[in-house]
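>>> My questions are about this predicted structure, shown below with the sequence.
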Amino acid sequence: MDVEAWRGVLRTAKRYGINHYRCHSYTPPEAALKAADMEGVYFQVELPLWGAIERKNTALNAFLKREGDMILSWLGNHPSLMMLGLGNELHGEVEVMREWLDDFRKKDPRHLYCFGSNNNLGWKGPQDGEDYFVTCRVGGGEGYSTHVRTSFAYVDAEKGGILNNTRPNTIADYAQAIARCPRPVVGHETCQFQIYPDYSQIAKYKGVLYPYNLEIFRNRLKENQLYGQADDFHRATGRFSVECYKADIEYALRTPGFGGFQMLDLQDYPGQGSALVGILDAFMETKGIVDPETFYGFCAPVVPLARMESFCWWNTQKMKIDVALSNYEEDDWEKTVCWQLVSDDGLWEKQGMFSCFVPQGEVGEVGHIELSLSDLDVPQRLTLHLKTGTYHNYYHLWVYPNGRESAAGIHVDSLLNERVKAELEKGGTVFLVPRHKDIEKQSVGGMFTPDYWNYAMFKTISERAGKEISPGTMSVMVDPAHPLFHYFPTEAHSDWQ
């Protein structure tokens, strides 16, 4: 790839709010840094290592030190080369790492240096000698108290982490975790939510690589007479994955003093067992699940944020929402924040505005919304729109009448027995809830969020570690028009209700 090709990649990334690229255990060609200089994108480059740094490995150490020195000599003048790490998920002798960074700083003090990205998987916490700490957790601790991303494999966090195993809200943040670190914390490889494949991309592969893996998945679907739903599976998992991206990113944005986040990637990674976690395909092209303007709304220099204990409300409650704003523009932010809360049918609407002052580099409170919901007497979804200057964000909320529905006229059973068949023959309404033992063989467990990174890879790792294995599910797909959902407003994909 030449400079213009790299500029094309970076321009696409910038449309989705990305201003920083981490190069996982490698240094990109100079063309990438030239392009980044022009486009205003910061790079973290790394030495080519994913393993251990130990003093006894003299040949490897000499090679890596020489690589580091050459990076600084040949590429160090590029303003886009902001950060240098020693590799990915390293372990070994910290004293040796510290010596290397001391030498690199003496050679070129203009850059920021770290021992590596997610060393010791974060369990040992920050180490003296680093300028910043890239990690998924800030040492060990109770529950999720040290985590700085919301999703994990089951082997690395109970039930896959915060987003899958805690009540959805927009108040929680990483403040408790980063208080344990005396230097800036950067979230490591965030936003790893699997998306079902879009098989139309198979035709895009024209070079030496061919997606046999996608053909295998497609054939499995055909063998089970489900291929007609392939596009529906892709859309349902993709659109909920975007909501999970949003939740993960906003955890970081509403944490005062957080150093930043490095998403796994905007695009799919077709290797390592098929990690289709990108909102873009492997060619950096759209999957049709989110437009860049919507994504930029929650991944931008300035993001208006709603702080709520829940996404769901009874109509007898007061809806209470705090509005905040994260400001990483170059100057203080003083533009008015406007809000609008509107039902899907447009018949119910409230709006208002707040004056605003948030200093540069801070997360600040802007105002408070408190509304009666008593006039909403049927279940429905509302959307909260926030706007300030050219920046915008959204939240979907759900309101339900606080009353008990009658079960009169509904036959409930756990078996498709003669009584149930007779009820159906009469045109009756049946609610069939099978017993688990009757359907166990054709059932799988469930997750709320889409599975993490790659099921096959972490299934094997969990088995070797003797840990719980993820169910491997990728959220749900429903038919919103089905009578079952007449009083349960929903789209075809999972959501926070």
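Cool, the structure landed. Numbers count the residues shown, from 1 in each chain.
>>> Can you show me the helices along the stretch 151-300 of the chain?
162-165, 175-178, 212-223, 230-253, 292-297 (DSSP state H, counting those that start in this stretch).
>>> Figure out which of those is closest to Tyr328.
helix 230-253 (8.6 Å; Cβ to Cβ). C-beta coordinates here come from the backbone N, C-alpha and C atoms, glycine included.
>>> Tell me the helices and strands packed up against that closest one.
On a contact count with 3 or more Cβ pairs under 8 Å, 6 or more residues apart in numbering; DSSP states H and E, helix 230-253 meets helix 162-165, strand 185-190, strand 260-263, helix 292-297, strand 302-307.
>>> Can I get those in a markdown table including distance to Leu371?
Converted to a markdown table, these look like this (distance: least, Cβ to Cβ, whole Å):
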| stretch | distance to Leu371 |
| --- | --- |
| helix 162-165 | 27 |
| strand 185-190 | 33 |
| strand 260-263 | 32 |
| helix 292-297 | 22 |
| strand 302-307 | 13 |
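>>> mind putting the ones you listed in CSV, mean neighbour count included?
Listed next are the helices and strands packed on helix 230-253 as CSV, based on neighbours: other Cβ atoms under 10 Å:
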stretch, mean neighbour count
helix 162-165, 20
strand 185-190, 25
strand 260-263, 21
helix 292-297, 17
strand 302-307, 22
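>>> can I get these in JSON lines with mean pLDDT and distance to Gly273?
Formatted as JSON lines, the helices and strands packed on helix 230-253 follow (pLDDT from 0 to 100; distance: least, Cβ to Cβ, whole Å):
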{"stretch": "helix 162-165", "mean pLDDT": "97", "distance to Gly273": "20"}
{"stretch": "strand 185-190", "mean pLDDT": "98", "distance to Gly273": "16"}
{"stretch": "strand 260-263", "mean pLDDT": "98", "distance to Gly273": "19"}
{"stretch": "helix 292-297", "mean pLDDT": "98", "distance to Gly273": "26"}
{"stretch": "strand 302-307", "mean pLDDT": "98", "distance to Gly273": "34"}
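>>> check contacts around Lys124.
Gly139 (Cβ atoms under 8 Å, 6 or more residues apart in numbering).
>>> out of the helices and strands packed on helix 230-253, nearest to Pro483?
helix 162-165 (29.7 Å).
>>> Dump that closest one to PDB, restricted to CA.
C-alpha atoms of helix 162-165 as PDB (Å, rounded to 0.1, in the frame of the first residue of the first chain):
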ATOM      1  CA  ILE A 162     -19.800  -6.100  32.600                       C
ATOM      2  CA  LEU A 163     -22.000  -5.800  29.600                       C
ATOM      3  CA  ASN A 164     -23.300  -9.400  29.600                       C
ATOM      4  CA  ASN A 165     -23.700  -9.800  33.300                       C
END
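>>> what's in contact with that helix?
Counting by Cβ under 8 Å, 6+ apart, 144, 147, 150-151, 158-159, 172, 244, 247-248, 251, 447-449 sit against helix 162-165.
>>> Distance from it to the middle of the chain?
Here helix 162-165 shows a centroid-to-chain-centroid distance of 12 Å under the convention Cα atoms, centre = their mean, to the nearest Å.
>>> now swap in stretch 205-224 and tell me
For stretch 205-224, the distance to the chain centre is 26 Å (Cα atoms, centre = their mean).
>>> Could you do stretch 472-489 as well?
Distance, centroid of stretch 472-489 to centroid of chain: 23 Å (Cα atoms, centre = their mean).
>>> before we move on, what about stretch 25-44?
Counting by Cα atoms, centre = their mean, stretch 25-44 comes out at 24 Å from the chain centroid.
>>> likewise stretch 323-330?
Averaging C-alpha positions (Cα atoms, centre = their mean) puts stretch 323-330 20 Å from its chain's average.
>>> Likewise for stretch 127-141?
Distance of stretch 127-141 from the chain centroid (Cα atoms, centre = their mean) equals 20 Å.
>>> picking that back up, so which of the contacts of helix 162-165 sits lowest on pLDDT?
When the contacts of helix 162-165 are compared on pLDDT, Met447 comes out lowest, with 93.
>>> Name the nearest of the contacts of helix 162-165 relative to Asn224.
Nearest to Asn224 among the contacts of helix 162-165, with distances taken as Cβ to Cβ, is Met447, at 20.8 Å.
>>> which ones are touching that closest one?
160, 164, 470-473, 475.
>>> Leaving out sequence neighbours, find the closest residue to it.
Nearest residue to Met447 in three dimensions, chain neighbours excluded: Thr473, at 5.0 Å (Cβ to Cβ, 6 or more residues apart in numbering).
>>> next one: Tyr205
Pro211 (5.5 Å).
>>> Run a quick check on that neighbour versus Tyr199, I expect a contact.
No - taking contacts as Cβ atoms under 8 Å, Pro211 lies outside contact range of Tyr199: 9.2 Å.
>>> nearest to Thr460, of the helices and strands packed on helix 230-253?
strand 185-190 (19.0 Å).
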